[in-house]
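Asker: here's a sequence, model it:
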Amino acid sequence: MAGEEDPQGGIPAEYFHRPDETPDERFYDEPRFVAHIDQVTIDALTDFYRSFIPSGARVLDLMSSWISHLPEEARYSRVEGLGMNAAELRANRRLDAFRVQNLNEAPELPYAAAAFDRVLIAVSVQYLIRPVEVFSSVFRVLADDGAVCIAMSHRLFPTKAIAAFQQLPPQERIQLVGYYLDQAGFGEVAFEDRSPPGADPLWLVIGRKAAPS
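Answerer: Got it, this is the predicted structure:
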């Protein structure tokens, strides 16, 4: 798969530097029961999920926390979460199961191949220092015709966000995430701007895993 010889896909190493390089477990040790984007922006993301995630789908909420932004009325086969804080994940009522894992230390996902139909990352991609490896694993755990959605905005924890997300303008950050997906094997990558007027922006990068022809 693309990116195996160069795990970062040729991206400059300095893009992944962070002001705080201490173990991430220390930063995420205390739960944070807060929303990281405006409520109207959350509503816009939830509305997108209504059309993006089919009824009955198997869903993985990656880099999850205490809220998954899924439509309350939607019913899925199962929803699993993987994040950094057990208390936050335990409080997430939409999760059927969860795991705690630091993707910056262990980017390989602990799931079988083709285990999910949709994978979601909401306003967290800016913290990955091994993104091509993570998305290569996302590609593996997605079923044929599955898809991943990376939702992005402009808020971040400045000590833990990678340099690229603190220095590059929004359009280049979006292009960078699209490049992650391309290097991970996703043949179809698209972008949508779902930003509500007067609120936090909402930029979506979507990768689809086509079924073999």
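Asker: so which other helices or strands are in contact with the strand or helix carrying residue 79?
Answerer: Residue 79 belongs to strand 78-83 when assigned by DSSP states H and E. Helices and strands in packing contact with strand 78-83 are listed as strand 58-64, strand 97-100; criterion 3 or more Cβ pairs under 8 Å, 6 or more residues apart in numbering; DSSP states H and E. Heads up, the C-betas are built off the backbone N, CA and C, glycines and all.
Asker: burial measure for residue 76, as a count.
Answerer: 18 (other Cβ atoms under 10 Å).
Asker: can I assume it is in contact with residue 56?
Answerer: Yes. Here residue 76 reaches residue 56: they are 6.3 Å apart, a contact under Cβ atoms under 8 Å.
Asker: in this structure, where's the longest strand?
Answerer: Criterion DSSP state E: the longest strand present in the chain is strand 142-152.
Asker: I would like the residues contacting that strand, please.
Answerer: 45, 48-49, 52, 58, 114-123, 125-126, 135, 138, 173-174, 177, 181, 186, 202-212 (Cβ atoms under 8 Å, 6 or more residues apart in numbering).
Asker: re the thing from before, any chance of the helices and strands packed on strand 78-83 in CSV, with mean pLDDT, distance to residue 16 and mean neighbour count too?
Answerer: Formatted as CSV, the helices and strands packed on strand 78-83 follow (pLDDT from 0 to 100; distance: least, Cβ to Cβ, whole Å; neighbours: other Cβ atoms under 10 Å):
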stretch, mean pLDDT, distance to residue 16, mean neighbour count
strand 58-64, 98, 16, 24
strand 97-100, 98, 22, 14
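Asker: now for the most centrally placed residue in the chain: which residues touch it?
Answerer: In the chain, the C-alpha closest to the average C-alpha coordinate belongs to residue 121, at a distance of 2.1 Å (Cα atoms, centre = their mean). Residues in contact with residue 121 (Cβ under 8 Å, 6+ apart) are 62-63, 148-151.
Asker: one step back: what about the very next helix or strand once past the longest strand of the chain, distance to the chain center?
Answerer: Downstream of strand 142-152, the first helix or strand assigned by DSSP H and E is helix 163-167. Remark: helix 163-167 is offset 17 Å from the chain centroid, using Cα atoms, centre = their mean, to the nearest Å.
Asker: mind listing what's buried in helix 163-167?
Answerer: By 16 or more other Cβ atoms under 10 Å, the buried positions in helix 163-167 come out as 164-165.
Asker: ok, then the element right after it?
Answerer: helix 170-184.
Asker: show me what that following helix packs onto, helices and strands only.
Answerer: Using 3+ Cβ pairs under 8 Å, 6+ apart, helix 170-184 is in contact with helix 131-141, strand 142-152, helix 163-167, strand 188-193, strand 203-208.
Asker: which of these sits most buried?
Answerer: Of these, the one with the most neighbours on average (mean count of other Cβ atoms under 10 Å) is helix 131-141, at a mean of 24.
Asker: what does that helix contact?
Answerer: If you take Cβ under 8 Å, 6+ apart as the criterion, helix 131-141 is touched by 1-4, 7-9, 11, 60, 62, 103, 107-109, 111-116, 119, 125, 128, 148, 177, 180-181, 183-186, 207, 209.
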